[in-house]
Structures are given as C-alpha cells and as structure tokens.
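1. structure of the sequence below:
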Amino acid sequence: MHTVETVLLVLMLGALTGIAARYVRAIPLPLIQIAIGALIAWPQKGLHIAFDPELFMLLFIPPLLFADGWRIPKREFFALAKPILLLALVLVLFTVIGLGYLIHWMIPSMPLLVAFALAAVVSPTDAVAVSAITRNLGMPHKTMHMLEGESLLNDASGLVAVKFAVAAVLTGVFSWSNVAKDFMWMALGGLGVGAAMGWGFSYARDTITRRVGDVAATQMVLLLVLLPFASYIVGEKIGVSGILAAVAAGIATNFADLDRSNFISERLQTEGTWSMVESAFNGAIFLLLGLQLPSIMGTTILHSGHEWWALLGYVAAISFALLFVRWLWITVGVQRALRKAHQEGKMAEAPSKLLNLATTMAGIRGAVTLAAALSIPVALSDGTPFPERDLLIFLATGVILFTLVLGAISLPLILRSMPPHEDTETQQEERFARTAACKAAIVSLTMTEEDLQQHDEQWVAQYQEVVGRITQEYRNRIHLLDDTGIANSTEAQRDTPEMVHERRHRYVKEMELRLHCIQVERDTLYAERQAHRINDETLRGMVSELDMSEVSLRKRLAVSRKAAGIPATDAEH
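-> Residues are numbered from 1 along each chain as shown. Coordinates of the predicted model:
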C-alpha cells in the first residue's frame, strides 16, 4: 500500500475510533486504537508499515509537545512548580539509573547502556491517556494539572535522556561529568531557542495582524502549526534540544496570546486546528503502535532467545518497578511539597494515601514512549545492528499496554473510593469573572456630561433607550448569576434551600429554552438559504454568530446543571 494511502487510512481510523469511544466509555480510547491497529495488521497480508526513526520523531513529537506547552494552565503550572519538577526531573533521573541497573540485572544480554536507554524510553508519562481514563470520575483538578505539568516536562527530560543513552551506545563512551555539561547546554539552549522563536513569531504576528486585522487569521494559524517543527529543526541544527525548543515555543506563544483578545477569528481557528492536530496525532501514534504490535511480538518472541512467558515476566517486572519507584518518590520526596502547596492554598486536596496511590497509578506510559522506542536507530555507526533493539521496543510496548490496562482498571476504583471532590474554587472564579464582566459592560455604557453636550436631545434619548435595554439585559444576567449562587448575594443567603433549588432549576430551563431558540434561528437561516433568499456568505456570518453564542450558553448551562444537581447530557461530557 502506498504511503499516502496508509496515512489517510490511519487518520480515518483515528477519527472513527474517537467516535466509537463516545459509545464504548468503559474502554479507554488508546486501548481501542491499539486493538484496531493490531487487528488490521495481524494477518500475513495485513497492513505493515516500515518506520524511519528520525522522520517519526520529527513528525509526531514537536506538535504534541508544543500543544501541551501551549494549552497547560500557566498559573497552576508555576504554582505547583516544585512538585512538578520533583516528579518530572528528579524522578526521571532516579528511574533511568535505578531501572537501568534492574533491567541489566534481569536481562544480562542487554548491555547496561541499552538498559539505560530503555529506562529513559519508559520514563515519560502520558497525561492524555490518564485524562481519557479518569474523565467524569472525579480526579481532583489540581492533581490533574500537576500530572499535565509532569507529563510536559518529563516528555522532554525523558527524550533528552534517551538521546544521551543512544549516543553513548553509538560511541561507546559515557561520562557522567560530560553528560551533565552537555545536558545543561542542550536544555538551556533548547529552552532559549524555543522561547526566542516563540516570542519572535508572536512579535511578527502582532506587527502584521494589528495592521491588516483578522483577515490574515488563516495564514497565521498555518504558520503557528509550522512553528513547532521549525523550533525543533533549528534546535537540532545548532546542537541543542529540539524537543525542549518545541515546548518553550508553545509556552512563549501562549503568553503572547494573552494580549490578543480582539482577534476572535484567529482564536477560534487556532483552537479548532490544534484540537484536530492533537486528536489526529495522538490517535495515529496509538494506531501505529497497534500496527507494529504483531511484528514486534512475532520478531521478538522468535529471535530474542527468550521464552514468551519470560518476556511477559520482564514486562510485568519493569512496569511494577516503575510504579513502585513512582509511589516511593511521591510518598518520600514529593509529599512535603504537596502538603506545603495545600497549606498555601495552591492545591485544594490534601495529600492522602489514596491520592498518592491515584497519582502513582496515573503514571501511564503512552504516545511519547512509543515514539521514543521507535526512534531508536536500527544500526550503529559501523553498520552493525543496534544491540537488542527489537527486545527494547517489545518491552517498551509491553509497558505501555500493561500500564494502560492496569490504570484503566485501578484508577476508577481508587477515585470512587476517595471522598467526593468539587472544584468550587474554579467555579467561584468563573462566577466572579462573569459578574465582573457584566458590571464593567454596564459602567462602560455611561456617558459623561461632555459626551451629552456633543449631541442633540433626540440622539441622547435614542441612546438612553438603547442603553436602558442593554443595561437591563446585563442586570438580568447578574441576577441569574446570583440565583445560581454565583454572587453569594444577601438575598440568596436568606433564601431557603428549596427556593434556591427551584430557582436553579428555573434558570436551567431558561438556558435550555435559549438554546432551543438559537437552534430554531439556525434552522431558519438554513431554510432561508435553501430558498435562495440569502447567499452563502451571509449564512456563514450569521451562523458563526449563533455558534459563538451557543458555545457560551452551553458552558453556562453545564455550570448551572452542576449547581442544580442535574446530570449532564452526553453533549456536555
């Protein structure tokens, strides 16, 4: 099958499995994708793909890490910096060293440097897989933010460690002092290059779009999609970490986006584009893992010299060792930082044995581990095969599957055993922000005496009439926010629980009716277009306005449903 056809097939299957996961919620999406990939590759005449390791690393890793850096909540990331760094850097170091020696002791045929490479390959965690498993199960939000920050940084630190370990295997030379110096240069240089490219792109974008407006939104989004690849390539060309360059570029671009509130079209296109890129690339990686699974298993079992039961034992031992080291470090090394963060109000949930266990079992391996394993060179510099490469890929693949299955089984049980947790802090922040926005809008409508003197009485009367209607609408919104407990008004505090409950249900009903009206408006617009009373351009403009209103309304409805104790619909999950 031609390469183009293969790519199109993988993307199509990624989309279809994403839809299927909405109906089969008991099974995490990554496991569904792996199973389907293995199914279509298992027969002798099934789909088989040969990988170019360098091309694979270039295509898949930069956009995923850039997107993680761009999306991660920066406030929580910096507030929880200490526990995140302890998990993402120190734990990776302990994992590479400790697990490397354990693997070499278990499998003497695997050279120590190759064992270090395998330990580095399986050190990054996958927050996307954790999110897929724990969705709607009550994983504390701040803990999830910590896991996202850990995944972002240990993706980079783990892949840098893989690069050093592979370089040591290729050259046969390894020195801790040289590794430390090279690591500092590659890490700081990569962060510097990525930050410079991110800020440089943002400055150029601001210069252009503030002159031409949002008309260049599509072109700017395209350039933004290419930015992680450019950062990675430039970093690698000058001898620093292209991986960290992609991460830093994503973080820098996110900070620059805070000053671009006026560019609505660009923002909507960017969100949609990156959602599609992340979904497509994550799905493609797990499908490719499934496609490789039969050949990985067959080649390793037939040619590794190990019995199949011994190979499965190695996978289980490595996986349990990973989780044990993680649990030990969380309990001993990170506990104090977590307790301090809780005392300072940076983390709502207090450290506990169950929370530590959930954080441990959230150490699932996923897309980055697979990408790192498949990026291992096929041959050494002299042309001889890379030592135990097939076994390394088999064990890394086994660890991904083992931790995925174990996490899918254990995390729901652990989270259901924990006390119910509600993210009241985030809800309160959102409520206050909505109220403040409404009040600021009302204040902005007030005219000064100088403004009134510049217009005649008829204009002033018309203006005041319009302002009165708009102000009343905003006051109604503030009142509705108060009714759902958002402003904690004095009147709301005097109401009985039954009255508050009734008003919340009434508010939900009003939101549902507003949504119904928006849907009727949209259907009417399409009917007008079908009757040729408006053209396509007019239709798109008006439908876009309704779409943005509906997005905002559905968000408010989801918050109101939660406050009223009404189960969310499938569309709100």
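2. now find how far off-centre whatever helix or strand V4 lives in is within its chain.
-> Per DSSP states H and E, V4 falls inside helix 3-23. Relative to the mean C-alpha coordinate of its chain, helix 3-23 is positioned 19 Å out (C-alpha atoms, centre = their mean, to the nearest Å).
3. who's in contact with it?
-> Helix 3-23 is contacted from outside by 1, 27-29, 32-33, 36-37, 40, 47, 49, 132, 279-280, 282-284, 287-288, 291, 570, using C-beta atoms under 8 Å, 6 or more residues apart in numbering. All C-beta atoms are positioned from the backbone trio N, CA, C, and that covers glycine.
4. list the buried residues for that helix?
-> The neighbour-count check on helix 3-23 (16 or more other C-beta atoms under 10 Å) flags 10-11, 13-14, 17-18, 21 as buried.
5. what mean pLDDT does the helix or strand harbouring G100 have?
-> Assignment of secondary structure by DSSP H and E places G100 within helix 91-106. Mean pLDDT, helix 91-106: 92.
6. and for stretch 258-266?
-> pLDDT averaged over stretch 258-266 gives 75.
7. start to end distance for it?
-> Start-to-end span of stretch 258-266 (C-alpha to C-alpha, to the nearest Å) is 13 Å.
8. equivalent analysis for stretch 297-313, please.
-> 14 Å.
9. where exactly do the helices run in the stretch 1-150 of the chain?
-> 3-23, 29-41, 53-71, 74-79, 81-85, 91-106, 112-121, 127-134, 141-171 (DSSP state H, counting those that start in this stretch).
10. please report how far the spatially closest residue to R514 that is not a sequence neighbour lies from V508.
-> Nearest non-adjacent residue to R514, counting by C-beta to C-beta, 6 or more residues apart in numbering: L553, 5.8 Å away. Distance of L553 to V508, given as C-beta to C-beta, to the nearest Å: 12 Å.
11. how about L227?
-> With C-beta to C-beta as the criterion, L227 and V508 are 42 Å apart.
12. that older thread, can you select the buried ones from the contacts of helix 3-23 in PyMOL?
-> Paste this into PyMOL to select the buried members of the contacts of helix 3-23, with burial taken from 16+ other C-beta under 10 Å:
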select buried, resi 28+29+32+33+36+37+47+132+279+280+282+283+284+287+288+291
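13. so, low pLDDT: which residues of the stretch 401-550 of the chain?
-> Across the stretch 401-550 of the chain, the stretches falling below the confidence threshold (pLDDT under 70) are 420-427, 430, 480, 482-497, 500-501, 503-504.
14. try it again at 80.
-> 419-434, 437, 447-453, 455, 459, 476-477, 479-514, 535-538, 540 (pLDDT under 80).
15. let me see the ranges of the strands in it.
-> Listed in chain order, the stretch 401-550 of the chain contains no strands at all (DSSP state E, counting those that start in this stretch).
16. ranges for the helices of it?
-> Secondary structure of the stretch 401-550 of the chain (DSSP H, counting those that start in this stretch): helices at 424-444, 449-453, 457-483, 490-494, 497-530, 536-564.
17. name the nearest residue to T253, ignoring sequence neighbours.
-> Taking C-beta to C-beta, 6+ apart as the measure, T253 lies nearest to G198, with 4.6 Å between them; neighbours along the chain are not counted.
18. surely the one you found meets A230?
-> No: at 10.4 Å, G198 does not count as touching A230 under the criterion of C-beta atoms under 8 Å.
19. just the helices in the stretch 201-350 of the chain please.
-> Counting by DSSP H, counting those that start in this stretch, the stretch 201-350 of the chain has these helices, from start to end: 217-237, 242-257, 264-303, 308-329, 335-343.
20. which one of the ones you listed is the most hemmed in?
-> Comparing the helices of the stretch 201-350 of the chain on average neighbours per residue, with mean count of other C-beta atoms under 10 Å, the densest one is helix 242-257 at a mean of 26.
21. what packs against that one?
-> Judged by 3 or more C-beta pairs under 8 Å, 6 or more residues apart in numbering; DSSP states H and E, the packing partners of helix 242-257 are helix 53-71, helix 74-79, helix 141-171, helix 176-212, helix 217-237.
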